[in-house]
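In: let me see the structure of the following:
(one chain, ligands or ions: 1)
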Amino acid sequence: MPQQPAPRPTDLVVFGGTGDLSMRKLLPALYLLDRDGHLDRDTRVVAVSRDGLTDADLRDKASSAVRGHKAVQVVEPEVLRRFLGRLSHVTVDVGGDASGWADLAAALAPGRDRVFYLAVPPMISGAICRGLQDADLVTPESRVVMEKPLGRDLASAQAVNDEVGAVFDESRVYRIDHYLGKETVQNLLVLRFANVFLEPLWNSRWIDHVQITAAETVGVGGRRGYYDSSGAMRDMVQNHLLQLLCLTAMEPPASYDRDAVRDEKLKVLQSLRPITETKVAEHTVRGQYTRGTVQGDEVLGYLDEAGGPPTSDTETFVALRAEVANWRWAGVPFYLRTGKRMAHDRSEIVIRFRDVPHTIFPGAAAPGAGSLVISLQPDEGIHLTMLAKAPGAGALRLRPVPLELSFADTFATRSPEAYERLLMDVLAGDSTLFMRRDEVEAAWRWVDPIIEAWNSLGTVPETYPAGSSGPAGAQRLIGRTGSTWHEEEQA
Ligand code: BG6
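Out: Coordinates of the predicted model:
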């Protein structure tokens, strides 16, 4: 992969700079980048909000956020002092009076790179971009980072993209999908395109099906309001799971160049067979968690979570069967599944190979044989299951045996958090791991009709107890082709 250029002095302006994302992810990631020498000495972080904080208030909040972050582990006081010294707060009332914009202008230095990070709901992204333009803060080199949700359907995504695009050229727009910053996700490209042995098998001739799972033990917590207007389909499938599908299914790009990679991902999205109203019941499952026990703790059901009405048809679980209708993948189901309050945290891509065309060991086939698992969470690794002869002199018996690659053990070095990686790329001006406008819109084009079909058919999510593996419908979905979910195969 290309070398990162030396960091340049940058003014990083974070709108929503005192909010949840900023405190939980962005500021701790920036601290780690600072610690590891990835920020130029003169780089500054300007948090923008309506909160009226002083710089000292912001630094207190940021200090707690850094200390409380699991990836930081040991806080180095000297680094923390230097990092906090980079931070300042500016109060801007977007759409309000101009004084805030003037204060922001005063906080920026001419001659430094500018990155505007929009950690705000998408409906105010356009107003922020116009405010920046009116205040004359957008230089030709300025970049803008957009956080999800990137719209709630195709029309709203197009509207936001138009508004932001009226101020920033597409080459300057960085749309975040933090899954693309995960180390194993990038490793998937290396695994596929830097090794010779997988690619000949990577097609419908040798692959039976693919499972892509992102299961979380957490519930919606304090985000019930947002979640009620979103649901798992918009929150996880439209972006994270479809991006994983793209990287799994795409053709080899000509180079590791931002447009070469994104062109190939786009073709996958455009090849997804539409799930029409007549197919939606057979190809999709929605679920919603009820009260239950997750890893020993009793937890509330979705409808009891604060911040929303006592009834709701919002799904907290989706399983679906997608098909990439092209030459390579014809007839290969891609099962996508995501859920909150599941039994375990588990994000993985499972490639299930076909059985051999003819076995000379009849009756000896073992379940779980012939799969490649790319594990994203909780442990990053690659596990290949193959068949071996069970030791012993009796009748010949086959056993599935794992070939394991654990990144933690193999490299004995810390993997950067997704946000560290992505922030570093934004600062370096590399948008390969960010989504282009046409990708985001193609994903909505496929997802919208599914949601519309659910609505027009009045589909109600199947309930599943918190701490389970999801609703029974998910087993039926994959069972229709005679397959089972990976974890059941292992049980
Ligand atoms: C976010 C979703 O994009 O991803 C959350 O909005 C979800 O609902 C989160 O919990 C999962 O991210 P990760 O990195 O913990 O798998």
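In: so what's the residue count around the spatially closest residue to residue 437 that is not a sequence neighbour?
Out: Take residue 437 and drop its neighbours on the chain: the residue closest to it by C-beta to C-beta, 6 or more residues apart in numbering is residue 161, 5.0 Å away. Quick note: C-beta positions are derived from backbone N, CA and C, even for glycine. Other residues near residue 161 come to 23 when the count uses other C-beta atoms under 10 Å.
In: quick one: residues contacting residue 161.
Out: 150-151, 437, 440-441 (C-beta atoms under 8 Å, 6 or more residues apart in numbering).
In: closest to residue 313 out of those?
Out: Nearest to residue 313 among the contacts of residue 161: residue 151, at 20.7 Å, using C-beta to C-beta.
In: quick one: that closest one and residue 444 touch, right?
Out: Yes - counting by C-beta atoms under 8 Å, residue 151 touches residue 444, with 6.6 Å between them.
In: between these two, which one's more packed in?
Out: residue 444 (24 against 20).
In: I'd say that one and residue 159 touch.
Out: No - assessed by C-beta under 8 Å, residue 444 is found out of contact with residue 159, at 11.7 Å.
In: which residue packs closest to the residue of the chain found nearest the ligand, ignoring adjacent ones?
Out: Going by C-beta to the nearest ligand atom, the ligand is nearest to residue 235 of the chain, at 4.7 Å. Distances taken as C-beta to C-beta, 6+ apart place residue 227 nearest to residue 235, at 6.9 Å, with adjacent residues excluded.
In: what strand or helix carries the one you found?
Out: Per DSSP states H and E: residue 227 is located in helix 224-228.
In: mind giving me the packing neighbours of that helix?
Out: On a contact count with 3 or more C-beta pairs under 8 Å, 6 or more residues apart in numbering; DSSP states H and E, helix 224-228 meets no helix or strand.
In: how about the strands of the stretch 251-400 of the chain, start to end?
Out: Remark: strands assigned in the stretch 251-400 of the chain by DSSP state E, counting those that start in this stretch are 284-290, 292-294, 297-299, 317-323, 333-339, 346-353, 371-377, 381-389, 398-406.
In: ok, and does the host helix or strand of residue 443 reach over to the ligand?
Out: Using DSSP H and E, residue 443 falls within helix 437-457. No - using C-beta under 6 Å from any ligand atom, we find that helix 437-457 stays clear of the ligand, coming within 13.8 Å at best.
In: so what are the sheet partners of the helix or strand following that helix and their directions?
Out: The element immediately downstream of helix 437-457 (helix or strand, assigned by DSSP H and E) is strand 462-465. Paired with strand 462-465 in the same sheet, following DSSP bridges, are strand 284-290 (parallel).
In: can you give me how far the strand it pairs with is from the chain middle?
Out: 20 Å (C-alpha atoms, centre = their mean, to the nearest Å).
In: same deal with stretch 305-317?
Out: That offset, for stretch 305-317, works out to 23 Å (C-alpha atoms, centre = their mean).
In: same question for stretch 317-324.
Out: 16 Å.
In: so which residues make contact with it?
Out: Residues from elsewhere that reach stretch 317-324 (C-beta under 8 Å, 6+ apart): 231-233, 236-237, 245, 249, 268, 271-273, 275, 283-289, 329, 331-340, 342, 450, 461, 464, 470-471, 473-474, 477-478.
In: go again with 6 Å.
Out: 232-233, 237, 249, 271-273, 283-287, 333-339, 470, 474, 477 (C-beta atoms under 6 Å, 6 or more residues apart in numbering).
In: among these, name the buried ones.
Out: 232-233, 237, 249, 271-272, 283-287, 333-339, 470, 474, 477 (16 or more other C-beta atoms under 10 Å).
In: spell out the secondary structure type for the closest residue to residue 142 other than its chain neighbours.
Out: In space, residue 142 comes closest to residue 114 once its chain neighbours are excluded; the distance is 4.2 Å by C-beta to C-beta, 6+ apart. With DSSP: H, G, I helix; E, B strand; the rest coil as the basis, residue 114 sits in strand.
In: quick check: bridge partners of residue 114?
Out: Going by DSSP bridges, residue 114 forms beta bridges with residue 11.
In: ok, now residue 336?
Out: Counting by DSSP bridges, the residues bridging with residue 336 are residue 212, residue 320.
In: just put the strands of the stretch 251-400 of the chain in JSON lines and tack on distance to the ligand and mean pLDDT.
Out: Formatted as JSON lines, those follow (distance: least, C-beta to the nearest ligand atom, whole Å; pLDDT from 0 to 100):
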{"stretch": "strand 284-290", "distance to the ligand": "13", "mean pLDDT": "98"}
{"stretch": "strand 292-294", "distance to the ligand": "14", "mean pLDDT": "97"}
{"stretch": "strand 297-299", "distance to the ligand": "15", "mean pLDDT": "97"}
{"stretch": "strand 317-323", "distance to the ligand": "12", "mean pLDDT": "98"}
{"stretch": "strand 333-339", "distance to the ligand": "9", "mean pLDDT": "98"}
{"stretch": "strand 346-353", "distance to the ligand": "6", "mean pLDDT": "96"}
{"stretch": "strand 371-377", "distance to the ligand": "6", "mean pLDDT": "93"}
{"stretch": "strand 381-389", "distance to the ligand": "16", "mean pLDDT": "91"}
{"stretch": "strand 398-406", "distance to the ligand": "19", "mean pLDDT": "88"}
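In: Serialize those to JSON lines and add fields for distance to residue 177.
Out: What follows is the strands of the stretch 251-400 of the chain, written out as JSON lines (distance: least, C-beta to C-beta, whole Å):
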{"stretch": "strand 284-290", "distance to residue 177": "22"}
{"stretch": "strand 292-294", "distance to residue 177": "26"}
{"stretch": "strand 297-299", "distance to residue 177": "28"}
{"stretch": "strand 317-323", "distance to residue 177": "17"}
{"stretch": "strand 333-339", "distance to residue 177": "14"}
{"stretch": "strand 346-353", "distance to residue 177": "14"}
{"stretch": "strand 371-377", "distance to residue 177": "13"}
{"stretch": "strand 381-389", "distance to residue 177": "22"}
{"stretch": "strand 398-406", "distance to residue 177": "25"}
